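Peer 1: Pasted the sequence and its predicted model underneath.
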Amino acid sequence: MTTRIADSGLHRLINRPAGQRQERAERCELCAAPVAPAHRHLLDRGARELRCACRACAVLFDHAAAGGDRYRLVPDRRWHLTDFALDDATWEGLRIPVRMAFFLRDSAAGRTALLYPSPAGAVESPLKQATWDELERVNPVLRRLAHDVEALLVDRTGDSRDHWLVPVDDCYALVGLLRTHWKGLAGGADVWQEIARFFTELRGRAKSVAATGM
């Protein structure tokens, strides 16, 4: 089984250059108002890109009808999924080379995409629909995953066995960490420290939710 760099709209969504993200983060990309360092994002469904949003625009687009068919507000809920059912055999069957991955329901493609972070950006790996269907069956919380703007994030680095429901821009940030800090063949100590810090901060922001209780 081979993997490939995502070449669909997901590639533009996840792999926009870091310098471009930093430049655009200074102002709202809808009304040009200044934005805080921590701000919400809108998914531009046509361009398949995230747009920085000021507080006023985020409030406006928090109503589903406000964005029409073009814009969708990225949620800000973060759930640490307890008792998540993903056994080692299923994980190994995904055959990805790293211990992190995220699953995103891509409405444009009509399927669930499996991606993992790499020094080159987000890489998409084949995912059998039956595998996702089984994960959803044994973890009913996945039925609440918002298409395009939320993801199931899996962390199996070191001794971790953590599963999260997160906004897609969190996955975006994780990919950026690897692209920015990776050195040499194994990544170097800095990148793994940054990844550990990322998940520590995520745990501090997340609410614990039972994966099988919904």
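Peer 2: Thanks, I have it. Quick caveat: nothing in here was measured; it's all calculated off a predicted structure. Residues are numbered from 1 along each chain as shown.
Peer 1: Helices along the protein, start to end?
Peer 2: 9-14, 18-24, 55-60, 88-94, 129-138, 168-181, 188-205 (DSSP state H).
Peer 1: Select, out of those, the one closest to F102.
Peer 2: helix 168-181 (4.6 Å; C-beta to C-beta). In short, each C-beta sits where N, CA and C put it, glycine included.
Peer 1: where does this structure have low pLDDT?
Peer 2: 1-25, 64-68, 214 (pLDDT under 70).
Peer 1: How many neighbouring residues does the closest residue to D106 other than its chain neighbours have?
Peer 2: Closest residue to D106 apart from its sequence neighbours, by C-beta to C-beta, 6 or more residues apart in numbering: A113 at 4.8 Å. A113 has 21 neighbouring residues, counting by other C-beta atoms under 10 Å.
Peer 1: Please report the distance of A113 from D190.
Peer 2: 29 Å (C-beta to C-beta, to the nearest Å).
Peer 1: domain ranges for the chain?
Peer 2: Using automatic domain parsing, the domain ranges for the chain come out as 9-73, 77-210.
Peer 1: sorry, back to before: what bridges to the residue nearest to D106?
Peer 2: L104 (DSSP bridges).
Peer 1: what about it, distance to V175?
Peer 2: 14 Å.
Peer 1: next one: R205
Peer 2: Per C-beta to C-beta, R205 is found 18 Å from V175.
Peer 1: Same check on L114?
Peer 2: L114 is 14 Å from V175, by C-beta to C-beta.
Peer 1: These two: who's more crowded?
Peer 2: Neighbour count, other C-beta under 10 Å: between L114 and V175, V175 has more, with 25 against 22.
Peer 1: Disregarding residues adjacent in the polypeptide, which is nearest to the more buried one?
Peer 2: Nearest to V175 is P117, by C-beta to C-beta, 6+ apart, at 4.5 Å.
Peer 1: Neighbours of A36, how many?
Peer 2: By other C-beta under 10 Å, the residues close to A36 number 9.
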